[in-house]
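Undergrad: based on what follows, work out the 3D shape:
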Amino acid sequence: MQTDAGSPVITTLAQETRSLPSELDGFVTGILVAPAAIEGDEWTDVLIASFDPDLTDTPEKRHRIRDMLLRHHDELAADLDGRACFRPVFETGSDGTIIWETWLRGFCRSMPLRDDAWMGFVRDAAPTALAALEILMLFHELESGSGDFSDAEADLAQAQAPGLIPDLVLLILKESRKRVCLGDLGLQPSARVIPFPRRSASGTNR
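TA: As a prediction, this is how the structure comes out:
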């Protein structure tokens, strides 16, 4: 399996945390496109807590990992601001198949950090952004095995997901940035039910 890592930071980070670059990239992308701001200390603490304890058992180790996470965050933020050069980190199988599922799994892991904001997004986001989220969550249902898809639908989604995901993320980002700005001003943006990962009572995603 090969990875289109895009940056040596994410490669080193994945090696030092025994993680998949694509899942880390998906998580950080989810932080950046969330419809409410998430401070660095909050989301990095969540990720660091998920790594093997022996990798984070000293302040020096935690600081190094946090620094690399924030560096990747800043690099990815610059890519998203540029819009034209945004490329998710996807693995590629030995047969050339693009493995987008791992990236999306990471993205969805970030969503429970802002349950309420995502619920607000579902209630009243612009139609184009809402449609983008719905498609992304249909891909999530396919990846997690929670959806009811025919073989033909699953094959079509598998083929289209790698090319669609970057555009879907940018459509969601545009709406989310507007909502974050309104939130900073203390204002509310101007309901469909779309399934997306929520934090359960035990604190895990579902």
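
Undergrad: then stretch 124-133 to CSV, C-alphas only?
TA: Only the C-alpha atoms of stretch 124-133 are listed here, as CSV (Å, rounded to 0.1, in the frame of the first residue of the first chain):
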residue,chain,number,x,y,z
ASP,A,124,-30.3,25.5,7.8
ALA,A,125,-27.2,25.3,5.6
ALA,A,126,-27.4,26.5,2.0
PRO,A,127,-28.8,23.8,-0.3
THR,A,128,-25.6,23.2,-2.1
ALA,A,129,-23.5,22.8,1.0
LEU,A,130,-26.2,20.6,2.6
ALA,A,131,-26.2,18.3,-0.5
ALA,A,132,-22.4,18.1,-0.3
LEU,A,133,-22.6,17.0,3.3
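
Undergrad: now that stretch: average pLDDT?
TA: If you average the pLDDT over stretch 124-133, you get 93.

Undergrad: tell me where this structure has strands.
TA: In the chain, the strands defined using DSSP state E lie at 2-3, 91-92, 98-99.

Undergrad: go through these and find the least confident stretch.
TA: When the strands of the chain are compared on average pLDDT, strand 2-3 comes out lowest at a mean of 50.

Undergrad: need the longest helix for the protein.
TA: In the chain, with assignment by DSSP state H, the single longest helix is helix 151-184.

Undergrad: count of neighbours near the nearest residue to E175 once chain neighbours are set aside?
TA: What sits nearest to E175 in space, not counting adjacent residues and going by CB to CB, 6 or more residues apart in numbering, is A129, at 3.5 Å. Quick note: C-beta positions are derived from backbone N, CA and C, even for glycine. By the criterion of other CB atoms under 10 Å, A129 has 21 neighbours.

Undergrad: among the helices and strands of this protein, which has the poorest mean pLDDT?
TA: Using mean pLDDT, DSSP states H and E, the weakest-scoring helix or strand in the chain turns out to be strand 2-3, at a mean of 50.

Undergrad: remind me which residues of this protein are low pLDDT?
TA: Scanning the chain with the threshold set as pLDDT under 70 gives 1-6, 83-85, 182-196, 198-206.

Undergrad: cutoff 80 now
TA: 1-7, 82-85, 147, 179-206 (pLDDT under 80).

Undergrad: if I look at A157, how far off is T44?
TA: To T44, A157 is 32 Å away according to CB to CB, to the nearest Å.
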